[in-house]
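Trainee: Just need the structure, nothing else, for what follows:
(2 chains)
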Amino acid sequence: MLIWCSYCQHFYGEAAPYDNFTITHGICATCEPTVFTLADADIAHARVLKAIQERLFEAGSRSDLGAARRIIEASRQFNVREVDILVGIMAPMLFQIGEDWKYGPVSVTEEHRFTVFCEKVLDLVGARIAAVMPADAPPSGPGEVLLITAPGNRHTLGVRILALWLIHNGMPAWAIDGPLDIEALVALVGRTRPRLLLVSMALAEQAAGIAAIIRRLSALPDGARPRILVGGYAVKMQLVTAIPGADLLTDIGRLKQIYEETSAA
Amino acid sequence: MTDLHGRLRTATIALHDQLEALPFFQALRAGELPGLAIVSFLRCLAILHAVLEGELARTADPAVAALARHARPKLPLLAADLEAVGAPDMPSVMPAIGAALDHGAEILAGAADPLNLVGALYVFEGSQNGGFALKSAYASCLGLREDQLTYFGCYGAGTAAHWHAFSDALNVLGLEGEPADRAAQAAVRCFARLGTICAALHPYAAADLRHHVTAINFWAGDHAMPQDPLEIGLALRAGRTAWEQYPYLEQRFAERGRRFTSSDSCWLVALARQPAATACGNLGWLRTVLASRGIPTVILAAHLRAILQALAVEFAGEAGMRAGFERFLSALDAERQALDGAGMVARLVDRFDRRLRGCAGPGVDSAAQLIASAWIDERSGIAGALAAVRGWFTDAERFPNDWIAAVNALLAALDRAGGPPC
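Mentor: Residues are numbered from 1 along each chain as shown, chains lettered A, B, ... in the order given. Coordinates of the predicted model:
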């Protein structure tokens, strides 16, 4: 389930079951000291988020980018940030369309079209996000969290969205938008020294490619080896249960904690 | 009438010249193009035609649908040519296959605008002109007679007449201005992608060669495939066993179903190399995908048993390959036991199997077993599994009334035996 902070109304994480994208409310760590109970307004906000989710999904099924633009603009009046729409609404929609394909009602064509729609929405929102990026977040260039897709996983949209969310949450991040061969990755890691390497895998069979990355990176000297996290559809659906040398990440809300742990270390 | 044909030709002529200058075509004309490059080219074309022809068949635009009817379906020709070459054992040139899959995905994603399909169709129909001229060169490089190849130059002596008719049909669309530009852009994209594919095909490096699932099934997309020819052979045989055990698959899903059975079988054998827990989890995922599309779990279970049997003989020393499948099948048995400990479902299947066999007209073997399996899938939490078979088995255009009555009676009896759904 997706957790939105009922006080600041920003997306802040997930809770089990991780394959259920209904919206629930909680209180994020930042707001917790000042807020103790949920109010009726929280329930109203949940309804607003659900409505945004449904209307965007409908716009996506029609590939109606104009409608998406209007929905996103309208959502600002409810204090819903663009970056939260991407992570708390768009990313789950991508997951949902995959699930709809799995259960049959959506064709491969519709799934592809929806992905293209989400890419266009990301481009649309990305420019606006850049304009409101926190001053201390680097707008481009290497970050402390490097995000890539597993060898064989062509879906880069998720890592691009997640990188924006991380930057917004004070974690300089950088997503590689496309395939990267293993030697190029090793060179990149050696040059940029990220603290975390986050790999998105869609299918269990991509585990072999990730294992090769882990083996290769383990040869790097101490201090140059990033902690490796693996997330994505295959992890969320428990199609893989372990990858030696990496931590599996079902809840992106845990990233902040892991980031701080590696910082302290 | 407008001159859409002229516009498309102008937009692509430079790319056409570049394409023909590639080493692929130079080697072809010189009779030196490796057969493996041509086989991979045919596979790439099959991937692209599978997408394009599927989307053209579904287009809601009547003018584009009418244009598409001018084009002969090429997928059966490509399938026949790959069969003639005896290609299943040959690896594919992976960068070319990757480029074809990418362009297939582009066509899929852009299919909402039928003009994207028009642009691609123009390129492929136009390529038949060159294909006619080069057919003997292709045959020679493959060591075949010309008449053994059907795709290249498929309109034969009528190629020029067909091209004129197709060009006229393009002009009848009446496209000008921005819509014509969109069609031209799609044609340019298609030409550029074909250039990428041909550039990757020759010369290729040994490291570019791998077995890819599209060699088995051009609709399969991109998923894991064993690289050991022994495992591929085992997978194809096990798939054929499951296919033959359930004629329902052929009756309902025809050639497309046969190809997916084979490609799924390859994926299953590749899965056997994964840890047992991973294999088991992924089998659960595939079960949902199949059951939601009218393929009840009893078929998957039979397929897995066929693989297990072959693994036990051909990879006897690798018990680990069987562990995930055995765990999954045990879980299915436990699930069935929990739902039907008294064996009522099995008795109903026997009873209704006899009744269905007695119905008039051609029926479907194992129908009662399949329906009961879908019922169990639904009860086990796969929403839509039962609907995915019920509609087909009770279609009045396919089955007589007594058959449909028997199917409905079986479903009612299963519901009574199983009590209300959870």
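
Trainee: Stretch B:253-273 close to chain A?
Mentor: Yes: using C-beta under 8 Å from any C-beta of the partner chain, stretch B:253-273 reaches chain A at B:270-271. C-betas here are computed from N, CA, C, even on glycine.

Trainee: neighbouring contacts of that stretch?
Mentor: Identification of contacts with stretch B:253-273 by C-beta atoms under 8 Å, 6 or more residues apart in numbering or on different chains yields A:204-205, B:213, B:216-220, B:223-226, B:231-232, B:234-236, B:238-240, B:242-243, B:249-250, B:278-279, B:282-283, B:286, B:290, B:303-304, B:307, B:311, B:321-322, B:324-325.

Trainee: With just CA atoms, put it into CSV.
Mentor: C-alpha atoms of stretch B:253-273 as CSV (Å, rounded to 0.1, in the frame of the first residue of the first chain):
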residue,chain,number,x,y,z
PHE,B,253,-5.4,-20.9,-29.9
ALA,B,254,-4.3,-22.5,-33.3
GLU,B,255,-0.8,-21.6,-34.6
ARG,B,256,-0.2,-18.7,-32.2
GLY,B,257,-0.9,-21.1,-29.3
ARG,B,258,1.5,-23.7,-30.7
ARG,B,259,4.3,-21.2,-30.9
PHE,B,260,3.6,-19.8,-27.4
THR,B,261,3.5,-23.4,-26.0
SER,B,262,7.0,-23.9,-27.5
SER,B,263,8.4,-20.5,-26.3
ASP,B,264,6.9,-20.9,-22.8
SER,B,265,8.5,-24.4,-22.7
CYS,B,266,11.9,-22.8,-23.4
TRP,B,267,11.3,-20.3,-20.6
LEU,B,268,10.3,-23.1,-18.2
VAL,B,269,13.4,-25.1,-18.9
ALA,B,270,15.5,-21.9,-18.4
LEU,B,271,13.6,-21.4,-15.1
ALA,B,272,14.8,-24.9,-14.0
ARG,B,273,18.3,-23.4,-13.6
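
Trainee: In it, which residues are buried?
Mentor: B:253, B:257-273 (16 or more other C-beta atoms under 10 Å in any protein chain shown).

Trainee: and the stretch 301-422 of chain B, which residues reach chain A?
Mentor: So far as C-beta under 8 Å from any C-beta goes, the stretch 301-422 of chain B lies against chain A at B:382-384, B:388.

Trainee: Buried only: go through the contacts of stretch B:253-273 for me.
Mentor: For the contacts of stretch B:253-273, buried by 16+ other C-beta under 10 Å: A:204-205, B:213, B:216-220, B:223-226, B:231-232, B:234-236, B:238-239, B:242-243, B:249, B:278-279, B:282-283, B:286, B:290, B:303-304, B:307, B:311, B:321-322, B:324-325.

Trainee: What about these, which are in helices?
Mentor: Among these, the residues falling in helices (DSSP state H) are B:231-232, B:234-236, B:238-239, B:242-243, B:249, B:278-279, B:282-283, B:286, B:290, B:303-304, B:307, B:311, B:321-322, B:324-325.

Trainee: can you list the residues of the stretch 51-200 of chain B near chain A?
Mentor: Contacts of the stretch 51-200 of chain B with chain A, taken as C-beta under 8 Å from any C-beta, map to B:55, B:58, B:105, B:108-112.
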